[in-house]
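Student: when you get a sec, could you give me coordinates for this:
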Amino acid sequence: MNLIILGPQGSGKGTQAKLLAEKFGLTHVSSGSLLREFAKNDTEKGRLVADLLTTGELLPFDMVMEVTEPVITASPQGFILDGSPRDLMQAEYLDWFLDERKLKIDHVIFLDIPREESLLRLQKRALLESRSDDTPAAIHERLDIYDRETRPVIEYYRQKDLLLEIDGTGDIQKIFTDIVSKLNLN
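Tutor: Okay, the predicted model is just below:
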């Protein structure tokens, strides 16, 4: 089973992706985590990624794919892609990339939360995790980009009849139960 999990920053994508990966034996492919790890490299590209992460801007898609493609293709039980695709071009490229490897996306999970909830959660996360990409300016920039660039991806997958809409405002276990229930019905 190959899944994508989408939602605004702070919606719990990473948490739910980890739980789903564990339950179904999937590889959790977190583009954000892979990029943050890559940014620790003391190379020109590593420093560039680190600088871009602190601004809240989307990284060039070729950099995202450079770190995620090897993990996707080395996932024999399937994967859950977390943090990508972020715009329509990326979604279309991902379809092509998977098709070339005779793979497909089975479901796209959309964790829906209001912007205000996203802001509150990200502010709490910034205090707990001290992530360089969770500054107030970066948080607002990422949410603006999400509204502009990623919301159309949700419609793209809805039209392909792959979208499972989940209310992301509940507690972690309720959200997880809702996702599993919808996955088992499809």
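Student: what ranges of this protein fall below the confidence cut-off?
Tutor: Across the chain, the ranges flagged by pLDDT under 70 are 56-58, 131-134, 186.
Student: what residue is smack in the middle of the protein?
Tutor: By C-alpha atoms, centre = their mean, the chain has its centre lying nearest to Gly83, at 1.9 Å.
Student: give me the distance between it and Thr177.
Tutor: The gap separating Gly83 from Thr177 is 23 Å, by C-beta to C-beta, to the nearest Å. Backbone N, C-alpha and C define where each C-beta goes, glycine included.
Student: what's the answer for Asn2, then?
Tutor: 21 Å.
Student: and Leu81, helix, strand or coil?
Tutor: Using DSSP: H, G, I helix; E, B strand; the rest coil, the structure places Leu81 in strand.
Student: that one bridge partners, please.
Tutor: Assessed by DSSP bridges, Leu81 has beta-bridge partners Ile4, Val29.
Student: list the buried residues in the host helix or strand of Asp144.
Tutor: In this structure, Asp144 sits in helix 136-145 according to DSSP states H and E. In terms of neighbour count (16 or more other C-beta atoms under 10 Å), helix 136-145 has its buried residues at 138-139, 141-143, 145.
Student: quick one: which of the residues you listed is nearest Lys124?
Tutor: Ranked by distance to Lys124 (C-beta to C-beta), the buried residues of helix 136-145 are led by Ile139 at 11.3 Å.
Student: what sits against the closest one?
Tutor: Ile139 is in contact with 9, 56, 119, 122-123, 126, counting by C-beta atoms under 8 Å, 6 or more residues apart in numbering.
Student: repeat that for Gln173.
Tutor: Not one residue lies near Gln173 by C-beta under 8 Å, 6+ apart.
Student: where's it relative to Gly83, distance?
Tutor: Taken as C-beta to C-beta, the span from Gln173 to Gly83 is 23 Å.
Student: check Glu44 too.
Tutor: The span separating Glu44 from Gly83 equals 23 Å under the rule C-beta to C-beta.
Student: and Thr55, by the same measure?
Tutor: 16 Å.
Student: repeat for Gln159
Tutor: Distance, Gln159 to Gly83, by C-beta to C-beta: 22 Å.
Student: got it, and Val64?
Tutor: Distance, Val64 to Gly83, by C-beta to C-beta: 8 Å.
Student: then Gln90?
Tutor: According to C-beta to C-beta, Gln90 and Gly83 sit 11 Å apart.
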